[in-house]
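*Asks:* Return a 3D structure for these sequence lines:
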Amino acid sequence: MLVLSLHKNLHLAFALLSLVAGSAGIAIADVAIDACVTQHTISNPSLAGDMQSLCGLSSSIGAFIGFSLSGFFVHLVGAKGVFGLLSIPASLVVLVGILLREPHVRNFAYKRVMEKFVDASKAMWTTLKCRDVWRSCLYMYLSLALGLHIHEGMFYWYTDAKEGPSFSQEVVGSIFSVGAVGSLFGVLLYQNLLKSHPFRDILFWAQLLSGMSGLLDLVLVLRINLKLGMPDYFFVVIDEAISRMVGRIKWMPFLVLSSKLCPAGIEGTFFALIMSIDHIGLLSSAWSGGLVLHILKVTRTQFDNLWIAIVIRSLLRLIPIGFLFLIPRSDPNLSILPSELLRTKKGNDVLETENIEMASLVNSI
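*Replies:* Residues are numbered from 1 along each chain as shown. Predicted structure coming up:
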């Protein structure tokens, strides 16, 4: 990010490479913490919801701060200046990595790296063949892929002076910050009211509410809110808060379920695999959403058919309800995988669960 900020005539290829490197760094840090959380989920299944709620709470607070300041900083220092500021959170992550104390693995057998890689691949394949695992992964992909991503069309409509409300960058940033508050409320609702309910029940209502909340955009685009005497900004803020809250309530069971599907010994790797499947679903959603906008001829200045895209998106969000049978109907406080996949290999080159730095997290919840 610092390279993007300081270099004036950076080649497009190097700019893309810098963005990829930044995203890769975030992903590596994310996988590291996910591995710790998943490992403790295996040893403490009843705390899975608590740990994921803690992570979701931290994520929502960070999103709130970022969205609140984004529009202001873009207006104050410009896009390049914002890229420079983004190097500060990355530096803090590096600092945490330096200060984090953890025991080193002694007598590590480097000659057995390939053997360990093969063993890990076999373990992943064995786990994926489990009925509850592949069915859950399939449902998560379908649920995310069928939620059309048409945010680009909505964003251009937000900022259009002719047909839209003509929001400025600062206003859009404040709207998204309110959405982060809605996400925060979603985490709190899940933690205090929903975490002990079966996954199927939560996902049924979350999917239903997701489809219904999508229709709020229809009210906005058709300008029905103005006929009811409700200003655009006020209605958009309510829309964003409700949509983000419902989205977080839907996402939390996915995270808890994913952590319970990871076998011992390769927790981080397998959790990253599941998240990759989920992100493929998000990419499919973005591609299909872009295709729908293209077919309906929705552009930066043409929004006549945007309401049709919103209706299609809301209807598609209801389809995953018919695939809820793929989700295991089990107690969310208990383990899902067979016991043989939850046994940790012991040895000189394998760390014990209680030696991981995140042990204090479990003891403090």
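*Asks:* Where is the longest helix in this protein?
*Replies:* helix 48-85 (DSSP state H).
*Asks:* Pull out the buried positions in that one.
*Replies:* By neighbour count on 16 or more other Cβ atoms under 10 Å, the buried set for helix 48-85 is 48-56, 59-60, 63-64, 66-68, 70-71, 73-74, 82-84. For the C-beta atoms, the positions are set from N, CA and C on the backbone; glycine is no exception.
*Asks:* now stretch 278-290
*Replies:* Buried-residue list, stretch 278-290, by 16+ other Cβ under 10 Å: 278, 281, 284-286, 288-290.
*Asks:* Among those, name the ones in helices.
*Replies:* Here DSSP H is the test, and those give 278, 281, 284-286, 288-290 as lying in helices.
*Asks:* Nearest to residue 311 among these?
*Replies:* The closest of those to residue 311 turns out to be residue 289 (Cβ to Cβ; 13.4 Å).
*Asks:* In this structure the closest one contacts residue 146, no?
*Replies:* No: look at residue 289 against residue 146 with Cβ atoms under 8 Å: they stay out of range, at 10.6 Å.
*Asks:* which residues of the stretch 51-200 of the chain fall in helices?
*Replies:* 87-99, 113-128, 131-145, 151-158, 169-189, 199-213 (DSSP state H, counting those that start in this stretch).
*Asks:* Kindly calculate the angle that the longest one makes with helix 48-85.
*Replies:* This points to helix 169-189. Counting by axes from the mean of the first three to the mean of the last three Cα atoms, to 10 degrees, helix 169-189 lies at 160 degrees to helix 48-85.
*Asks:* How about the second one?
*Replies:* Orientation of helix 113-128 against helix 48-85 (the same axes, to 10 degrees) gives an angle of 120 degrees.
*Asks:* What residues of helix 113-128 count as buried?
*Replies:* Under 16+ other Cβ under 10 Å, the buried positions of helix 113-128 are 123-124, 127.
*Asks:* any chance of these in TSV, with pLDDT and distance to residue 177 too?
*Replies:* Shown next, in TSV, are the buried residues of helix 113-128 (pLDDT from 0 to 100; distance: Cβ to Cβ, whole Å):
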residue	pLDDT	distance to residue 177
123	83	42
124	85	39
127	86	39
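*Asks:* okay, the residues you listed in CSV with distance to residue 19 next?
*Replies:* Output for these, formatted as CSV (distance: Cβ to Cβ, whole Å):
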residue, distance to residue 19
123, 33
124, 29
127, 33
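*Asks:* Worst mean pLDDT across the helices and strands of the protein, which element?
*Replies:* Taking mean pLDDT, DSSP states H and E as the measure, helix 359-364 is the helix or strand of the chain with the lowest mean score, a mean of 37.
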